[in-house]
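[1] Give me a model of this one.
(4 chains)
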Protein chains: 2
Amino acid sequence: MPRPPARPPGTPDTREQILDVALELFVERGYDNTSLREIAERMGFSKAALYYHFPSKDDILMALHLRVHALGREGFDQLDADTVAPDQWAGVFDAMLGAILDHRALFLLHAREHAALEKLHEQAHDEEHADLQERMQRILANRQLPTEQRIRLACAMGAVMSGIFISGEAFADIETDVLRRVMAAAIQDLVGVGNVASPP
Amino acid sequence: MPRPPARPPGTPDTREQILDVALELFVERGYDNTSLREIAERMGFSKAALYYHFPSKDDILMALHLRVHALGREGFDQLDADTVAPDQWAGVFDAMLGAILDHRALFLLHAREHAALEKLHEQAHDEEHADLQERMQRILANRQLPTEQRIRLACAMGAVMSGIFISGEAFADIETDVLRRVMAAAIQDLVGVGNVASPP
DNA sequence: GTCTATATTTCGATAGAC
DNA sequence: GTCTATCGAAATATAGAC
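    Below you'll find the model as predicted:
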């Protein structure tokens, strides 16, 4: 297995730092309202220096989008189709919940900057869209599934995402483990075996 | 009861038409990526004419925001506090669900243009924030409530919103009444009496 | 109420030195 | 890798005629 690119220890990865700063600003102030000048300012160097690391502002957004793709390849390839039995859904959502809780800002970015991200996909109409959200939408649109199941899956998905974009900072006092456990139980009530009427 | 402002019948309310067009474009392309020129073009007149009806672009967004406030005054004043007994939650969410299904685009706008809307609130730090979302956040943050209940309320809220911002057009083939009924049942499973453990 | 200019600003991006 | 300086595009907003 190849080692990660060798860099003198203690030397911060400027590129990744830029992405961290950009993510924070994009979520807080919006993609279009965040100027490269602001990002550079927070990094401690000038705007032009950014162009050494990224060829354009859109490429910064794309790099953040790729972080989600990486998450997807790690854990959500199982989500691909009807191969998931109903009694596995709760487990799938539990995995999702973990990813979302661990990368709140990243998912928040995707929920909010829908327009900007879609523009990117138009321009570089690249590989298949392995996005978590897009995969879910394809499943929800599948008319082979019983209608009730489709709707309940959507509800469960919404319940999972509620942790990040509805609650805001309202759950700052709740430990992540408690949050995860209670939400998992709630999702079990939504899509657990026995709670969804089977088709006749 | 005062009649709505008298206008010759058949005369379209230009102001409201502008808001309808703006809402559609803002949701589709994003607030910042929608120019006044585009709105004017779709209305059939020039950009400058918009400034006769609205003093600025921000005021168009604010007018759309006020539409949600109006909805809030109609139906969500009940949401104000601990006055809502646990066995009433399902009913409250049912009302929410109705409002959201009837005004999808409006709620979608609020979910996506979070940054732009917050900027408005900063500038005109007006009355209390009677927003649906803000009220929910205040309830979710209330540490008097049992933790499990707070989290389940958030899940239910997420489930309700899933209808608009996750499903996208995936549910185009499902009748609104069916959607509403199944989602109401799902919410019942989340926050219905007997499904939430009572505090000791 | 709507038009044709035009003023003003902001921002992404480039050029070239160090 | 980072800097200063500048270009060019786009968009908001204004002025004043009709």
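[2] Geometric centre of chain A: which residue is closest?
    A:F107 (3.4 Å; CA atoms, centre = their mean).
[3] ok, now which ones touch that one?
    The contact partners of A:F107, taken as CB atoms under 8 Å, 6 or more residues apart in numbering or on different chains, are A:V68, A:I100, A:M161, A:I164, A:F165. For every residue, glycine as well, the C-beta is placed using N, CA and C.
[4] Among those residues, which lie within helices?
    Taking DSSP state H, the ones among these that sit in helices are A:V68, A:I100, A:M161, A:I164, A:F165.
[5] So which of the residues you listed sits lowest on pLDDT?
    For these, the weakest pLDDT value sits at A:F165, with 75.
[6] from the middle of its chain, how far away would the helix-or-strand element of chain A with minimal mean pLDDT be?
    In chain A, no helix or strand scores lower on mean pLDDT, DSSP states H and E than helix A:132-140, which sits at a mean of 83. Computed by CA atoms, centre = their mean, to the nearest Å, the chain-centroid distance of helix A:132-140 equals 13 Å.
[7] ok so, going back, using CSV, write out every CA atom in the one helix or strand the residue nearest to the centre of chain A maps to.
    Following DSSP states H and E, one finds A:F107 within helix A:104-112. Provided in CSV are the C-alpha atoms of helix A:104-112 (Å, rounded to 0.1, in the frame of the first residue of the first chain):
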residue,chain,number,x,y,z
ARG,A,104,-21.7,17.9,9.5
ALA,A,105,-20.3,20.9,7.7
LEU,A,106,-19.7,19.0,4.5
PHE,A,107,-23.3,17.8,4.3
LEU,A,108,-24.6,21.2,5.3
LEU,A,109,-22.6,22.6,2.3
HIS,A,110,-24.3,20.2,0.0
ALA,A,111,-27.8,20.9,1.3
ARG,A,112,-27.3,24.7,1.0
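[8] what's the following helix or strand after that helix?
    Downstream of helix A:104-112 (by DSSP H and E), the next one is helix A:114-123.
[9] ok so, going back, and the pLDDT for the residue nearest to the centre of chain A?
    In this model, A:F107 carries a pLDDT of 92.
[10] next one: A:E169
    83.
[11] Who are the contact partners of it?
    B:A141.
[12] Is the least confident helix or strand of chain A in proximity to chain B?
    Yes. Using CB under 8 Å from any CB of the partner chain, helix A:132-140 reaches chain B at A:Q133, A:M136, A:Q137, A:R138, A:L140.
[13] Please name the nearest non-neighbouring residue to the second one.
    The spatial neighbour of A:M136 that comes closest, neighbours along the chain excluded (CB to CB, 6 or more residues apart in numbering or on different chains), is A:M157 at 5.7 Å.
[14] Surely the one you found is in contact with B:F165?
    No. Look at A:M157 against B:F165 with CB atoms under 8 Å: they stay out of range, at 10.1 Å.
[15] All the helices of chain A, residue numbers only.
    A:14-29, A:36-43, A:47-53, A:57-75, A:89-102, A:104-112, A:114-123, A:132-140, A:147-165, A:176-191.
[16] Mind checking if the third one is in reach of DNA strand D?
    What it means is helix A:47-53. Yes. On the criterion CB under 7 Å from any atom of the strand, helix A:47-53 is in touch with DNA strand D at A:K47, A:A48, A:A49, A:Y52, A:H53.
[17] Next, the contact list for the closest residue to A:M161 other than its chain neighbours, please.
    Closest residue to A:M161 apart from its sequence neighbours, by CB to CB, 6+ apart: B:G158 at 5.7 Å. Counting by CB under 8 Å, 6+ apart, B:G158 makes contact with A:G158, A:A159, A:V160, A:M161, A:S162, A:G163, A:I166.
[18] how far away is the third one from A:E134?
    Counting by CB to CB, to the nearest Å, the gap between A:V160 and A:E134 amounts to 16 Å.
[19] Compare those two (neighbour count), which wins?
    Neighbour count, other CB atoms under 10 Å in any protein chain shown: between A:V160 and A:E134, A:V160 has more, with 28 against 14.
[20] how about low-confidence regions in chain A?
    A:1-11, A:74-83, A:125-130, A:196-200 (pLDDT under 70).
[21] Quick check: residues of chain A near DNA strand C?
    Counting by CB under 7 Å from any atom of the strand, chain A sits next to DNA strand C at A:N33, A:T34, A:S35, A:L36, A:R37, A:K47, A:A48, A:Y51, A:P55, A:S56, A:K57, A:D58.
[22] of all those residues, which comes closest to B:D20?
    For these, the minimum distance to B:D20 (CB to CB) is 24.9 Å, reached by A:N33.
[23] Could you report the neighbour count for that closest one?
    A:N33 has 15 nearby residues by other CB under 10 Å.
[24] Look up the closest residue to it, ignoring the ones flanking it.
    Going by CB to CB, 6+ apart, A:N33 has B:A115 as its nearest residue, at 5.9 Å.
[25] Report the contact partners of that neighbour.
    A:E28, A:R29, A:G30, A:N33, A:R112 are the contacts of B:A115 under CB under 8 Å, 6+ apart.
[26] one more time with 6 Å
    A:R29, A:G30, A:N33 (CB atoms under 6 Å, 6 or more residues apart in numbering or on different chains).
[27] so how far is B:H114 from the first one?
    As judged by CB to CB, A:R29 and B:H114 stand 10 Å apart.
[28] Please apply the same query to the second one.
    With distances defined as CB to CB, the gap from A:G30 to B:H114 amounts to 8 Å.
[29] quick one on the thing from earlier: name the nearest of the contacts of B:A115 relative to DNA strand D.
    Nearest to DNA strand D among the contacts of B:A115: A:N33, at 12.0 Å, using CB to the nearest atom of the strand.
[30] phi, psi of the closest one?
    Taking degrees, to the nearest 10, you get phi -90, psi 0 for the backbone angles of A:N33.
[31] Lovely, talk soon.
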